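[1] Turn this into a structure:
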Amino acid sequence: MSKNLVIVESPAKAKTIEKFLGSDFHVMSSFGHIRDLAEKGIGIDFENDYKPDYVVSSDKKKVVAELKKAAKTAETVWLASDEDREGEAIAWHLYNELKLDAHKTKRIVFHEITKDAILNAIERPREIDVNLVDAQQARRVLDRIVGFELSPVLWKKIKPSLSAGRVQSVAVRLIVEREREINNFVSESSYRVNATFLTIDVQGSPAILKAELQHRFTNKEDALTFLEDCKNASFQVSDIITKPAKKSPAPPFTTSTLQQEASRKLGFSVSQTMRIAQSLYESGKITYMRTDSVNLSDLALNTAKAEITSMAGEKYVKIRKFKTSTKGAQEAHEAIRPTYMNTPTINGTAQEKKLYDLIWKRTIASQMADAELEKTSIYIDCSCNKHQFVATGEVIIFDGFLKVYLESTDDEDEETADMLPALKKNQSLTVDEIIAQQRFTQKPPRYSEASLVRKLEELGIGRPSTYAPTITTIQNRSYIEKSDRPAEKRDYNFLRLKDGNISDKVKTENTGAEKSKLFPTDIGMVVNDFLTEYFPDILNYNFTAQVEKEFDNIADGKINWVSSIDKFYKQFHPVVEHTLKNSERQVGERILGKDPKTGRQVSVKIARFGPVAQIGTAEEEEKPTFASLRKDQLIETITLEDALELFKLPRQLGIFEDKEMIVAIGRFGPYIRHDGHFYSLPKTENPMNVTAERAIEIIGEKREAEKNKVISILGENGEYQVLNGRFGPYFTFEKNNYKIPKNIDPQTLTTEKCKELVDKQGTAKPKKKGFGKKK
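    Take a look at the predicted model:
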């Protein structure tokens, strides 16, 4: 056995570290069994911590025994878990569970998995920072208190199997409030006027100049009057203003800005970004990916300078030391960057390459010179009116950091400036056309995962390690859903002055399309309203941000964590008891009106399997009738007419293959039932107007997909099924799924090869840990 034992969390991290250490070091992984170890005491609840390589397996005792055995024979045990609070707590739990000797146990941390960083950490070991452990303990205990106390209240007062959490409930509140802003939003229209002028530039060449009127008309009449005045008007350049401008690069990535930019540029979800970043970190390609600092080390700055000089020349270099503005950020940590700045590309999966490329470009660009621009504004006077037209444009004089990278924004309607022709002051212009187009104020945008992360960070809620699991949790709990919504048709007025004539047309445009946006569900809105009414402090944005500050103070050793939790519990628990005794059951019921056929009350509410419309009441002699709401309908916004339409389902569509086709809405959405089989209706189809012909197409498409799903059946008794799946080919054996390596053609897979893959991948599935009912 080696003199030195290094213990890390995951096999991938262990494998990378082992490459940089000599034979005197043996690197072992806890394989995530610390999750169980932590839960033996008050410890850490890893259920909501993002540690993707943690798996609880059946041979936990064996692995722990091997770690203990290796620790006893080693001269020194190095605890090398991650450098954040979660990592510190893991090291503490390992120390206690393995009963390590304090005299031969050392704690090391490194921000990147490189030989220099690891050897430097070994030269500068430290003890486990108990303050960091306490801060993590406090977070987990407080979150457990909130979850364990609030969840049973929701079970009794709303619906079984619901849950609440300190950060997740606040995130849901943000999405619910934004949805209500949108529902209450009233769009206002105005007329935007744009003109196209014909002229000659200073070189004597014909030129086109596009300009916008610096005034919007509130009604059609005023816009028409302006166009009438322009029929015989003259136009000339009244002023040309040219100003130098600069654009500066964005700072290197923090966890939240990486999540936001990967969403905007690559279309990655927040959890997907973190999973890929974890892989890049553990393979030694980037620095630690859970950080709120934009700081770069001197070594990183020097190597970035060398790379930029080599790539573009010294004039492109401008070394910057960014300061973190995020509340509670830890400047001792470093931003996310490549471990080697002279490596612009890597080997890996397509997703890893894309994310690494983004990180490399952002880091390099942050140390490059400003882009130098020249912004020009041309002001145009109209002889008939006091309002001016203005044309704006810009020219890049020196590209600077733009040579490598430009940060994206969440503004979907962002316009870019055009280049303008060179003109002279007082130069006359000829009108080609003037268009007055009706425009509408835009409703507030729904949150995407990236913009929600930014909002949480702005409010000081959560930390880099909590953003991804928070968003995943509220989706898994069905409080929100991420989905697309198709555009809607909208008419607008289009007025055009051309060749002295004014045309007046009504045109149609698509508007309001949503892609990968977060929508609250009915149950999410009901839970939010209940918690906001009875637990306003927990749902208060300032309270949640203040708690984060308190955790920071615990980490700095300024506050005792037990006293902090005790103070919170004594204030919180009585509110829980009061709510259980005095609040009424909430189902989010909303009365819509009367059924015109029967005169009975029509309402909507939360039922056992989701939101439903109801005709009648429980007090009436005749039993109420129910119909499930469609997924695109909300209790808050559904109308009486829409609710009554639902009771027309199930409806008969016709006969196909001598069997009846029926369309209905079930627990999981609209479907077609035919010959004992169920066929889900695509989201684009409305069950109220789907035709028999379309139903037959859907049935045929599903049958064809099922037929193509099976690639082959192998084995004497057909025990191996090779299938096409959502994420690629795989095969099944004894109700378990097995991956088919990329270098194997699934069409050529044999029984013997299947057996080999089963032996290699194992048959036992890891059991998910959860909270069972108390007996």
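
[2] So for stretch 255-264, mean pLDDT?
    Taken as a whole, stretch 255-264 has a mean pLDDT of 92.

[3] Please export the C-alpha coordinates of stretch 740-756 as CSV.
    What follows is stretch 740-756 as a C-alpha-only set of coordinates in CSV (Å, rounded to 0.1, in the frame of the first residue of the first chain):
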residue,chain,number,x,y,z
ILE,A,740,-24.7,0.2,-26.7
PRO,A,741,-21.2,1.7,-27.1
LYS,A,742,-20.9,4.1,-30.0
ASN,A,743,-18.3,2.0,-31.8
ILE,A,744,-20.9,-0.9,-32.1
ASP,A,745,-23.5,-1.0,-34.8
PRO,A,746,-26.8,-2.0,-33.1
GLN,A,747,-27.8,-3.8,-36.3
THR,A,748,-24.8,-6.2,-35.9
LEU,A,749,-25.2,-6.8,-32.1
THR,A,750,-25.1,-10.5,-31.2
THR,A,751,-26.4,-12.5,-28.2
GLU,A,752,-22.8,-13.1,-27.0
LYS,A,753,-22.0,-9.4,-27.2
CYS,A,754,-25.2,-8.5,-25.2
LYS,A,755,-24.1,-11.0,-22.5
GLU,A,756,-20.7,-9.4,-22.4
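
[4] Need the mean per-residue confidence for it.
    Stretch 740-756 comes out at a mean pLDDT of 88.

[5] Tell me, how many residues neighbour residue 213?
    Counted with other Cβ atoms under 10 Å, residues neighbouring residue 213 total 23. Just so you know, the C-beta spots here come from the backbone N, C-alpha and C atoms, and that holds for glycine as well.

[6] For the nearest residue to it once chain neighbours are set aside, give me phi and psi.
    Nearest residue to residue 213, sequence neighbours excluded (Cβ to Cβ, 6 or more residues apart in numbering): residue 193, at 3.8 Å. Backbone torsions for residue 193, taken as degrees, to the nearest 10, come to phi -110, psi 120.

[7] what about residue 193, neighbour count?
    Residue 193 has 23 neighbours, counted by other Cβ under 10 Å.

[8] list the contacts for it?
    212-213, 215-217, 223, 226, 434-437 (Cβ atoms under 8 Å, 6 or more residues apart in numbering).

[9] now those residues: which count as buried?
    Taking 16 or more other Cβ atoms under 10 Å as the criterion, what is buried in these is 213, 215-217, 223, 226, 434-437.

[10] For the lengthiest helix in the chain, name the packing helices and strands.
    Assignment by DSSP state H gives helix 130-157 as the longest helix of the chain. On a contact count with 3 or more Cβ pairs under 8 Å, 6 or more residues apart in numbering; DSSP states H and E, helix 130-157 meets helix 85-97, helix 166-184, helix 522-534, helix 541-555, helix 561-582.

[11] Output these in TSV; the columns should cover distance to residue 369, mean neighbour count and mean pLDDT.
    Converted to TSV, these look like this (distance: least, Cβ to Cβ, whole Å; neighbours: other Cβ atoms under 10 Å; pLDDT from 0 to 100):
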stretch	distance to residue 369	mean neighbour count	mean pLDDT
helix 85-97	37	24	90
helix 166-184	38	20	94
helix 522-534	47	21	94
helix 541-555	36	18	89
helix 561-582	47	14	93
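
[12] Between those helices, which one is closest to residue 378.
    helix 166-184 (37.9 Å; Cβ to Cβ).

[13] What about the contacts of residue 193, which are in helices?
    Counting by DSSP H, the part of the contacts of residue 193 found in helices is 223, 226.

[14] Among the contacts of residue 193, which one sits closest to residue 340?
    residue 212 (48.1 Å).

[15] so what's that closest one scoring on pLDDT?
    The per-residue pLDDT reported for residue 212 equals 96.

[16] Not counting sequence-adjacent ones, nearest residue to it?
    Once flanking residues are discounted, residue 212 sits nearest to residue 194: 5.2 Å by Cβ to Cβ, 6+ apart.

[17] cool, and residue 154?
    residue 162 (4.0 Å).

[18] backbone phi and psi for that neighbour, please?
    The phi/psi pair for residue 162 (degrees, to the nearest 10) is phi -90, psi 160.

[19] wait, it sits on residue 521?
    No: judged on Cβ atoms under 8 Å, residue 162 makes no contact with residue 521 at a distance of 11.7 Å.

[20] Nearest to residue 712 among the helices and strands packed on helix 130-157 would be which one?
    For the helices and strands packed on helix 130-157, proximity to residue 712 was assessed by Cβ to Cβ; helix 522-534 is nearest, at 42.8 Å.

[21] Now find how far off-centre the closest one is within its chain.
    Counting by Cα atoms, centre = their mean, to the nearest Å, helix 522-534 is centred 22 Å from the centre of its parent chain.

[22] Which strands or helices does that helix pack on?
    Checking 3+ Cβ pairs under 8 Å, 6+ apart, helix 522-534 ends up next to helix 130-157, helix 166-184, strand 601-607, strand 610-615.

[23] what comes up buried for the longest one?
    Counting neighbours by 16+ other Cβ under 10 Å, one finds that the buried residues in helix 130-157 are 131-147, 149-150, 153-154, 157.

[24] how much does it deviate in direction from helix 561-582?
    0 degrees (axes from the mean of the first three to the mean of the last three Cα atoms, to 10 degrees).

[25] Nearest residue to the residue most central in space within the chain in space, please, no chain neighbours.
    By Cα atoms, centre = their mean, the chain has its centre lying nearest to residue 449, at 2.5 Å. Of all residues not flanking residue 449 in the chain, residue 270 sits nearest, at 4.6 Å (Cβ to Cβ, 6+ apart).

[26] Great, nothing more from me.
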